[in-house]
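**Q** Fold the stuff below for me.
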Amino acid sequence: MIKISPSILSADFANLARDIGRIETADYVHVDVMDGLFVPNISIGIPVVKSIRPITSLPLDVHLMIDRPVRYVDQFCDAGADIVTCHVEADTEENIHEALRKIHAKGKKAGVVVKPKTPAGAVLPFIDEVEMILVMTVEPGFGGQKFMADMMPKVQTIRGYIDAMNPACELEVDGGVDPTTCKLCIASGANVLVAGSAVYKAEDIPARIAELRG
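**A** Next up is the predicted model:
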């Protein structure tokens, strides 16, 4: 089954509880955390994760676009994150392994993320330690960017790695996903789709979520 993880980066932050309630037919709530260092933008952090945890029963899929995530993964888990993904580019390989270990020690699911210019093979050192791999199909840092179809071979390659080495791992795609591009992602092997503006700008959000499932 294809899972949908709407990004609250496209929600109305003045009405966040309302807008999270509007995506209750989705599978996850995607929370984009940006620090202004790893990416050139600042979004939301630990207090927001903690405040939204009580208002939804959906798992919180927290994407850390932050420098040296090992410093903060414990706090995000304690705040209510269910899945925490860390960029492989954000620290040394040793520290990313340590971040994944910390997430698991909190009883949560862990994942790694690769930016568009990062090769598929960068996930291999972590593939047997993760429940999710996220492939960015835009440059991380801002919502509303154009989908990069040339990332599909990378998605296909990582799907091959997962099938061979960790079949239970989910493969997520984030960036420019809409009712057209979702078909490319699904055909390439993704089973979790992050969508922000495509969901929140839809007139009928439950219908749009169903459409994105392919």
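**Q** Quick one: residues contacting Val138.
**A** Shown here is Val138, whose contacts under the criterion CB atoms under 8 Å, 6 or more residues apart in numbering are 116, 145-148, 174-176. For every residue, glycine as well, the C-beta is placed using N, CA and C.
**Q** again, only using 7 Å
**A** Residues counted as contacts of Val138 (CB atoms under 7 Å, 6 or more residues apart in numbering) are 145, 147-148, 175-176.
**Q** ok, now Leu184?
**A** Contacts for Leu184 (CB under 7 Å, 6+ apart) come out as 149, 152.
**Q** Quick check: it vs Gly121, distance?
**A** 22 Å (CB to CB, to the nearest Å).
**Q** related to what we said a few turns ago, the contacts of Val138 in helices, which ones?
**A** Among these, no residue falls in helices (DSSP state H).
**Q** Per-residue pLDDT of Gly214, please?
**A** The score at Gly214 is 87. That number is its pLDDT.
**Q** So that it lines up with my notes, have the first residue be 21 from now on.
**A** Taking 21 as the first residue, the last one we looked at is Gly234.
**Q** neighbours around the closest residue in space to it that isn't next to it in sequence, how many?
**A** Nearest in space to Gly234, with sequence neighbours left out and distances taken as CB to CB, 6 or more residues apart in numbering, is Ile206 at 4.6 Å. The burial count assigned to Ile206 is 17, neighbours taken as other CB atoms under 10 Å.
**Q** you'd agree Lys126 is up against Phe96?
**A** No: judged on CB atoms under 7 Å, Lys126 makes no contact with Phe96 at a distance of 9.0 Å.
**Q** who has more neighbours, those two?
**A** Taking Lys126 and Phe96 together and counting by other CB under 10 Å, Phe96 has the greater number of neighbours (25 against 15).
**Q** Quickly find the element holding the more buried one.
**A** Using DSSP states H and E, the secondary-structure element containing Phe96 is helix 93-99.
**Q** What is that helix packed up against?
**A** Judged by 3 or more CB pairs under 7 Å, 6 or more residues apart in numbering; DSSP states H and E, helix 93-99 is in contact with helix 66-72, strand 103-107, helix 113-125.
**Q** what does that helix rub up against?
**A** Around helix 93-99, the neighbours that count as contacts under CB under 7 Å, 6+ apart are 66, 69-70, 73, 82, 104, 119, 122-123, 126, 128.
**Q** Identify each buried residue in it, please.
**A** Along helix 93-99, the positions that meet the burial threshold by neighbour count (16 or more other CB atoms under 10 Å) are 93-94, 96-97, 99.
**Q** Most widely separated two among the residues you listed?
**A** Greatest spacing in those, by CB to CB: Val93 and Ala99 (10.6 Å).
**Q** can you tell me which of the helices and strands packed on helix 93-99 comes nearest to Val59?
**A** For Val59, the closest of the helices and strands packed on helix 93-99 is strand 103-107, at 9.1 Å, according to CB to CB.
**Q** Mind listing the strands that closest one pairs with, and their directions?
**A** The sheet places strand 103-107 alongside strand 80-85 (parallel), strand 129-134 (parallel), with pairing taken from DSSP bridges.
**Q** Please put the alpha-carbon coordinates of that strand into CSV.
**A** Coordinates of each C-alpha in strand 103-107 appear next as CSV, following Å, rounded to 0.1, in the frame of the first residue of the first chain:
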residue,chain,number,x,y,z
ILE,A,103,10.1,8.3,12.9
VAL,A,104,13.2,10.5,12.8
THR,A,105,15.2,10.8,9.6
CYS,A,106,18.7,12.3,9.4
HIS,A,107,20.6,13.5,6.4
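**Q** Thanks a lot, see you next time.
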